[in-house]
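>>> sharing a model that was predicted from the sequence below.
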Protein chains: 2
Amino acid sequence: MSKVGIIAHGTSQFTKEDHKIESILHKSTNDLFQKNSSIAKKEIDAVLISTNNNSKYLSPILSEMSGIQPKIAHSIESLCNSGTNSIVSAFSYISSGLADMVLVSGAERYDSPGQILEWDNSRGEFKHPIFWASIFSKSYKQEYGILDEELAIVSVKNHKQAKENPNALSKKTYTVEDVMNSKKLTDDLRLLNCSRPCTGSASILLASEEMVKKYTDMPIWITGIGQKTTSAGFTKNISLSSMESTKLAGQSALKMANRNISEIDVAEVHDAFSVCEPMILESLGFTKPGEGMKMIKKLHETNNFMINPRGGLIGTGHPLGATGISQTIEIVQQLQKSAENRQTDNPKIGLIHNMSAAATSSTVLVVEK
Amino acid sequence: MSKVGIIAHGTSQFTKEDHKIESILHKSTNDLFQKNSSIAKKEIDAVLISTNNNSKYLSPILSEMSGIQPKIAHSIESLCNSGTNSIVSAFSYISSGLADMVLVSGAERYDSPGQILEWDNSRGEFKHPIFWASIFSKSYKQEYGILDEELAIVSVKNHKQAKENPNALSKKTYTVEDVMNSKKLTDDLRLLNCSRPCTGSASILLASEEMVKKYTDMPIWITGIGQKTTSAGFTKNISLSSMESTKLAGQSALKMANRNISEIDVAEVHDAFSVCEPMILESLGFTKPGEGMKMIKKLHETNNFMINPRGGLIGTGHPLGATGISQTIEIVQQLQKSAENRQTDNPKIGLIHNMSAAATSSTVLVVEK
């Protein structure tokens, strides 16, 4: 398997603005090419679009707008982890030799159709992810004796970190009391425990080893990939207080990278709701079951941005198709030491965790300098 | 690059029936597993869905319905050539080593949203493919002095061939007069010159060389892949009487397979409208520019099923996301000599051509015994 590296990236502001999906996609792609003007567009073999938007043929449209005539051009959808699915697909096109350079561009509108899951009839009237997030919260709190006030710290920490991210949707910081007093959505969920859908895009350029050498002296390599789908309906999960697909994807990614979880210096994990962050940290093996909040509290108190330096989904906003790509860009910036006020201490190995639909599927990437 | 083979396939009837997309997908997947009961579902690493349907998360849904827990699971969309894009993606997952066995399942409803192209503002009110098909027909007829009565032969031939395909939408045969007297849609297009959208699905299982050897002694290998996107809007085409993306994709696929077009024994080509068939044959190099109808007439008169043995899109129906997969299955059956009344004379090398949106993008596959 030949090496695949990340050589460029671009992003848009994450906002609540109303733009056509084509314009949103173009913003981050345009940003990428403006920051990397030496890249020859004729060397781009594939353009992959990550989105839940219902518009068709977006890859040829973005390609035409960007002056690219790719060989491979299509859209990829897998709800909230469309972004990392697209990155893995790009990896496979390069690794197989079908492509030398692949542009992956993800975008979403604030009103993404991926937020309402019509297909899971077992949810009855409750089509919104708030349904499973409430059940996860209740189950996790009961199993490990965790309080709402503790889960609120995830939101406090991630909003604090997002304040240092110029592209984040959120510009404010909050206290535990603010979270506890925010609008009550269900018995187990307050508004500030939730990531918010938004408009935004993120683009990344992947390349073969030969192309990497041609274009950058600061490449970041994708060394580990793990993916797992356990089911579609979340009621099939074997546990509601841990994430089986995340556990399996994490193990696969670390094995491929020949790394141990203790070697990970910085990570973006899919905090769609507060409860997800401790559950993910435990399922990935960063800490023991039930001890995720202990780790998060310590990081927060010491102002350590190791987990979700970008501000997570809760602070940055969650434009579904762009999220996995935005997470990956953050870890690239961390490893390249260009994360400005969010910079963690000399990280060398990073991890990205991206998931869909109550962790019925997960992707984990390991990236290294 | 490791070898990738096709080891199993399944299909549904192509109909005008009204089913949910999940049910349609499941029909061909179910057919595949019923015909190949020895396949261990736990060895399937990826499930790729090819569709233009707006439903999300279809890969995990089909996986759950089929008892598969894949690593890689997502949908792929690129309008009418979503099917071959998905096959190429499956090829890359296997060839890169990320997967050993990949299920590709394509499906569409008769009312697919991929039929109306809202994004091409240059088309004004004319969002339906009939717009470009009329312009192609007029342009091709003018350039090469071809008559409507000649183009009608494509429809006559492909309906004749579809009559031998038990899964085809069309069950009737027509004369040139029938085509000429069918409903006039535009000055240059009659109803029987058009493929019809329909409900249908097709599934195919791809595998690494090792898995191929385990499961079949009649594998068909994918030896050539070519893809090209020239633009999104068809008015950017450099010619309206030939297909640049098809020409480039064909050249790439033949080069990769180390084959010449004269070595191709049987082919499925994307006859979305009558005029497409001669244009494609010319662009692929089967015959000289302007001589496509001469080749088609000769094949028709000698009852030679070499081009579009399945009945093409015109005879078989065109469920967008399933079409490229259905085309590939036909060529697999031809090479395995299981095509019954459609069987051509001892074919060894086959070709699949699948395209989107007025040939602004094309995929060509070469497959061999």
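Structure's in. What do you need?

>>> does the most centrally placed residue in chain A count as helix, strand or coil?
Centroid-nearest residue in chain A: residue A:324, 3.0 Å away (criterion: CA atoms, centre = their mean). At residue A:324 the chain is in helix, as set by DSSP: H, G, I helix; E, B strand; the rest coil.

>>> wait, it touches residue A:106, no?
Yes: the pair residue A:324 / residue A:106 is scored as a contact, 6.9 Å apart, by CB atoms under 8 Å. C-beta: built from backbone N, CA, C; applies to glycine.

>>> who in the stretch 51-200 of chain A is up against chain B?
Neighbours of chain B within the stretch 51-200 of chain A, by CB under 8 Å from any CB of the partner chain: A:52, A:54-57, A:59-61, A:63-64, A:69-79, A:82, A:85, A:88-89, A:91-98, A:113-114, A:117-119.

>>> just those residues: which are in helices?
Members of those lying in helices (criterion: DSSP state H): A:59-61, A:63-64, A:82, A:85, A:88-89, A:91-95.

>>> can I get the residues you listed in a markdown table with pLDDT and distance to residue A:280?
Output for those, formatted as a markdown table (pLDDT from 0 to 100; distance: CB to CB, whole Å):
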| residue | pLDDT | distance to residue A:280 |
| --- | --- | --- |
| A:59 | 97 | 31 |
| A:60 | 96 | 36 |
| A:61 | 95 | 35 |
| A:63 | 97 | 35 |
| A:64 | 95 | 39 |
| A:82 | 98 | 18 |
| A:85 | 98 | 18 |
| A:88 | 98 | 18 |
| A:89 | 98 | 23 |
| A:91 | 98 | 22 |
| A:92 | 98 | 25 |
| A:93 | 98 | 28 |
| A:94 | 98 | 28 |
| A:95 | 97 | 27 |
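
>>> which of the residues you listed ranks first by neighbour count?
The residue in these with the most neighbours, by other CB atoms under 10 Å in any protein chain shown, is residue A:82 (33 neighbours).

>>> residue ranges of the strands in the stretch 201-350 of chain A, please?
Remark: strands assigned in the stretch 201-350 of chain A by DSSP state E, counting those that start in this stretch are A:220-229, A:266-268, A:349-356.

>>> in the stretch 51-200 of chain A, what spans have low per-residue confidence?
Scanning the stretch 51-200 of chain A for pLDDT under 70 picks out A:118-125.

>>> kindly recompute the last result at 90.
By pLDDT under 90, the low-scoring segments of the stretch 51-200 of chain A are A:113-129, A:131.

>>> how about the strands in it?
With DSSP E, counting those that start in this stretch applied, the stretch 51-200 of chain A shows strands at A:72-77, A:101-108, A:184-186, A:189-190, A:200-208, listed in chain order.

>>> of those, which stretch is the most buried?
The highest mean neighbour count among those, using mean count of other CB atoms under 10 Å in any protein chain shown, belongs to strand A:101-108: a mean of 31.

>>> any chance of the ones in helices among the residues of the stretch 51-200 of chain A next to chain B in a markdown table, plus distance to residue B:26?
Output for those, formatted as a markdown table (distance: CB to CB, whole Å):
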| residue | distance to residue B:26 |
| --- | --- |
| A:59 | 28 |
| A:60 | 30 |
| A:61 | 31 |
| A:63 | 33 |
| A:64 | 36 |
| A:82 | 23 |
| A:85 | 22 |
| A:88 | 25 |
| A:89 | 24 |
| A:91 | 30 |
| A:92 | 26 |
| A:93 | 29 |
| A:94 | 33 |
| A:95 | 31 |
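
>>> how many residues are close by residue A:272?
Using other CB under 10 Å, the number of residues around residue A:272 comes to 26.

>>> my guess is it meets residue A:80, correct?
Yes: taking CB under 8 Å as the definition, residue A:272 is a contact partner of residue A:80 at 6.9 Å.

>>> now list whatever residues contact both of those two.
A:318, A:355 (CB atoms under 8 Å, 6 or more residues apart in numbering or on different chains).

>>> partners of the residue lying closest to residue A:264 once chain neighbours are set aside in the sheet?
Spatial nearest neighbour of residue A:264, chain neighbours left out: residue A:351 (4.7 Å); criterion: CB to CB, 6 or more residues apart in numbering or on different chains. Following DSSP bridges, residue A:351 is listed with bridge partners residue A:267, residue A:366.

>>> what does residue A:75 give?
With DSSP bridges as the rule, residue A:75 is bridged to residue A:49, residue B:77.

>>> give the contact list for it.
Residue A:75 touches A:48-51, A:56, A:58-59, B:76-78, counting by CB under 8 Å, 6+ apart.

>>> repeat that for 7 Å
A:49, A:51, A:58-59, B:77-78 (CB atoms under 7 Å, 6 or more residues apart in numbering or on different chains).

>>> and residue A:226, by the same measure?
A:249-253, A:256, A:364.

>>> could I get those as TSV with distance to chain B and neighbour count?
Formatted as TSV, those follow (distance: CB to the nearest CB, whole Å; neighbours: other CB atoms under 10 Å in any protein chain shown):
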residue	distance to chain B	neighbour count
A:249	8	30
A:250	13	27
A:251	12	17
A:252	7	18
A:253	11	26
A:256	9	19
A:364	11	32
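
>>> I'd like to know which of these are part of helices.
Among the contacts of residue A:226, DSSP H puts A:249-253, A:256 in helices.

>>> next to chain B, which bits of the stretch 201-350 of chain A? Give me the list.
Contact residues (CB under 7 Å from any CB of the partner chain) of the stretch 201-350 of chain A with chain B: A:225, A:227-233, A:236.

>>> just the buried residues of these.
A:225, A:227-233 (16 or more other CB atoms under 10 Å in any protein chain shown).

>>> widest-spaced pair of those residues?
Largest separation among these by CB to CB: A:225 and A:233, giving 25.5 Å.

>>> so where is the stretch 201-350 of chain A shaky, pLDDT-wise?
Along the stretch 201-350 of chain A, the model assigns pLDDT under 90 to residues A:233-241.

>>> the same query, at a cut-off of 80, please.
A:237 (pLDDT under 80).

>>> now do the helices in it.
Secondary structure of the stretch 201-350 of chain A (DSSP state H, counting those that start in this stretch): helices at A:209-215, A:244-257, A:276-284, A:292-301, A:312-316, A:320-335.

>>> tell me which of those sits most buried.
Using mean count of other CB under 10 Å, helix A:312-316 ranks as the most buried of the helices of the stretch 201-350 of chain A, with a mean of 31.
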